[in-house]
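Chemist: below is the structure, and that's it, no one-letter string:
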């Protein structure tokens with residue numbers, strides 16, 4: 001049998017029929033899901049690491065609640081910063097209106 005080449009596919013040409021191609025940034029649901037997923041793993045890391053680290057330091061140094069409480073405080077501050085960063089990142093800014101939308 002002889003091998004034959006399959007002709008290459010050509011991209012579909014748009015006829016300009018008024019259809020607007022939607023991007024991910026146009027879909028509010030997709031933007032929300034992306035923001036929530038990105039923020040969730042960051043929050044998990046910045047909350048769990050200081051608390052677990054503080055607990056382990058307490059076990060090692062025999063200082064019962066000291067480092068665990070410090071871990072809670074660090075985790076709370078870090079979680080607030082992650083939420084603030086995400087809020088700023090996904091809030092639309094209009095420079096013509098003094099930064100407000």
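Modeler: Good, I have the coordinates. All of these numbers come straight from a predicted model, not from anything done at the bench.
Chemist: tell me, what residue is most central in the chain?
Modeler: For the chain, the residue nearest the mean C-alpha position is residue 38 (1.9 Å; CA atoms, centre = their mean).
Chemist: where does that residue sit, in terms of helix or strand?
Modeler: Per DSSP states H and E, residue 38 falls inside helix 28-61.
Chemist: which strands or helices does that helix pack on?
Modeler: Helix 28-61 is packed against helix 66-90, with contacts defined by 3 or more CB pairs under 8 Å, 6 or more residues apart in numbering; DSSP states H and E. Where C-beta positions appear, they are placed from N, C-alpha and C, glycine not excepted.
Chemist: what's in contact with the helix it packs on?
Modeler: Residues outside helix 66-90 that contact it (CB atoms under 8 Å, 6 or more residues apart in numbering): 31, 35, 38-39, 42-43, 46-55, 57-58, 61.
Chemist: how does it look with 10 Å?
Modeler: With contacts defined as CB atoms under 10 Å, 6 or more residues apart in numbering, helix 66-90 is touched by 31-32, 34-36, 38-40, 42-61, 65.
Chemist: one step back: buried sites along the helix holding residue 38?
Modeler: Residues of helix 28-61 classed as buried: 39, 42-43, 46-47, 50-51, 53-54, 58 (neighbour count, 16 or more other CB atoms under 10 Å).
Chemist: listing request: residues of the protein with sub-threshold pLDDT.
Modeler: Within the chain, the ranges that satisfy pLDDT under 70 run 1-25, 97-101.
Chemist: do that again at 80, thanks
Modeler: Under the criterion pLDDT under 80, the flagged ranges of the chain are 1-26, 93-101.
Chemist: tell me the spacing between the nearest residue in space to the residue nearest to the centre of the chain that is not next to it in sequence and residue 96.
Modeler: In space, residue 38 comes closest to residue 86 once its chain neighbours are excluded; the distance is 7.0 Å by CB to CB, 6 or more residues apart in numbering. Counting by CB to CB, to the nearest Å, the gap from residue 86 to residue 96 is 24 Å.
Chemist: comparing these two, which residue is more hemmed in?
Modeler: The neighbour comparison of residue 86 against residue 96 (other CB atoms under 10 Å) goes to residue 86, with 16 against 6.
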